[in-house]
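[1] my questions are about this predicted structure, shown below with the sequence.
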Amino acid sequence: MSTHKKKELIICSLGLFKNQCTLEVLAHIKTCDIVFSHMLDGEISRFLKKLSVRIKIIKNLKPDKTAQAVVSAFKEFDKICFLTYGNPMFLNATTGYLKKEALKTGVKIIVLNAVSSFDAIISLLGLCKFSDIGIRVVDIASCIKDVVVTPEMDTLFFMAGDLNLKGNEKYKNNFIKKLMAAYTQSAEFFMIDTKSIATNSDTLIKGNISDLDKYFSKVNERTTLFLPAINSK
Ligand SMILES: C[S@@+](CC[C@H](N)C(=O)[O-])C[C@H]1O[C@@H](n2cnc3c(N)ncnc32)[C@H](O)[C@@H]1O
């Protein structure tokens, strides 16, 4: 593969929905040869087409294969944008592979910041201060078989929807059982699905740990579960 100096890969995102797109992201999109994405809906595609941008949607490919497909397009193009949602590097397997693949070829990589679900959750819950020993961010996908629970500190469980996938019933039951044992029954949980390209408004389900089992079916692929520390000041 040619490693022409001016070849550039822009890893970027619109944020959680189109109106969160930054001027910086827009400027790069306007000047790239092609935008690759794995998550374009009709509205965003129309928006990009208005900017006269060539678009290629990649769906049904595993993250590593998506990354390889994007990087191999440098045979044809000089400036490629890869568009995702949220913070483009935060818990995003595809952009992780993409960065790794692109590094092998010597293309210039630019990662642009964008609004993450993490930001939206902080705003929605008004989390201006955390428990005294801080906040823990857990990626359920990477520890699904045995999630460590820490009731002494605030915890955000990302990828909680994986527990509702077929075949993971055992892990879900184990997770709920662990939480019930570690937290007081009246401890609170928050299930958060903020406004995004998938939903037009914020959804916040609040309950007590004793009812977690009852509500767990509401956890979807966008839900983040927040458990405030118990006995936190
Ligand atoms: C693969 S990660 C991608 C996160 C993304 N890079 C970001 O910055 O938001 C997907 C997880 O992020 C969280 N998430 C994504 N969209 C969300 C939303 N609209 N509201 C709350 N959490 C969300 C959920 O925990 C979900 O399982």
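    Everything's here; your move. Numbering: from 1, shown residues only.
[2] lowest-pLDDT helix or strand in this protein?
    Within the chain, no helix or strand scores below helix 42-50, which has a mean of 84 by mean pLDDT, DSSP states H and E.
[3] residue 226 looks like it's in a strand, true?
    Yes. The assignment for residue 226 by DSSP: H, G, I helix; E, B strand; the rest coil puts it in a strand.
[4] going forward, begin numbering at 107 instead of 1
    Taking 107 as the first residue, the last one we looked at is residue 332.
[5] neighbours around the residue of the chain found nearest the ligand, how many?
    Using Cβ to the nearest ligand atom, the single residue of the chain nearest to the ligand is residue 192, 2.2 Å away. All C-beta spots, glycine's among them, are computed from the backbone N, C-alpha and C. Look at residue 192: counted by other Cβ atoms under 10 Å, it has 23 neighbours.
[6] enumerate every residue touching it.
    Contacts of residue 192 were listed using Cβ atoms under 8 Å, 6 or more residues apart in numbering, and they are 119, 121-122, 198, 220-224.
[7] what is the least confident helix or strand of the chain packed up against?
    In this structure, helix 148-156 packs against strand 161-163, with contacts taken as 3 or more Cβ pairs under 8 Å, 6 or more residues apart in numbering; DSSP states H and E.
[8] if we can go back for a sec, and the contacts of residue 192, which are buried?
    The neighbour-count test (16 or more other Cβ atoms under 10 Å) marks 119, 121-122, 198, 220-224 as buried among these.
[9] in TSV, list those along with pLDDT, secondary structure and distance to the ligand.
    Shown next, in TSV, are the buried ones among the contacts of residue 192 (pLDDT from 0 to 100; DSSP: H, G, I helix; E, B strand; the rest coil; distance: Cβ to the nearest ligand atom, whole Å):
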residue	pLDDT	secondary structure	distance to the ligand
119	96	strand	7
121	96	coil	9
122	96	coil	6
198	97	coil	5
220	98	coil	8
221	98	coil	8
222	98	coil	3
223	98	helix	3
224	98	helix	6
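[10] quick one: list the elements packing against whichever helix or strand residue 244 is part of.
    Taking DSSP states H and E as the criterion, residue 244 maps to strand 241-245. With contacts defined as 3+ Cβ pairs under 8 Å, 6+ apart, strand 241-245 has these neighbours: strand 260-264.
[11] when you scan the strand it packs on, is anything in it near the ligand?
    Yes. Using Cβ under 6 Å from any ligand atom, we find that strand 260-264 touches the ligand at residue 264.
[12] from the chain's centroid, how far away is that strand?
    Put simply, strand 260-264 sits 14 Å off its chain's centre (Cα atoms, centre = their mean, to the nearest Å).
[13] contact partners of it?
    197, 223-224, 227, 233, 236-237, 240-246, 253, 255, 330-335, 338.
[14] between the buried ones among the contacts of residue 192, which sits nearest residue 183?
    For the buried ones among the contacts of residue 192, the residue nearest residue 183 by Cβ to Cβ is residue 119; the value is 19.6 Å.
[15] check contacts around the closest residue to that closest one other than its chain neighbours.
    Among residues not flanking residue 119 along the chain, residue 220 sits closest, at 3.8 Å (Cβ to Cβ, 6 or more residues apart in numbering). Residue 220 is in contact with 118-121, 126-128, 131, 191-194, counting by Cβ under 8 Å, 6+ apart.
[16] likewise for residue 242?
    256, 259-262.
[17] quick check: pLDDT value at it.
    Confidence at residue 242, expressed as pLDDT, is 98.
[18] swap in the one 4 residues further on?
    Predicted confidence (pLDDT) at residue 246: the value is 98.
[19] my read: it touches residue 265, true?
    Yes. Using Cβ atoms under 8 Å, residue 246 is in contact with residue 265, at 4.3 Å.
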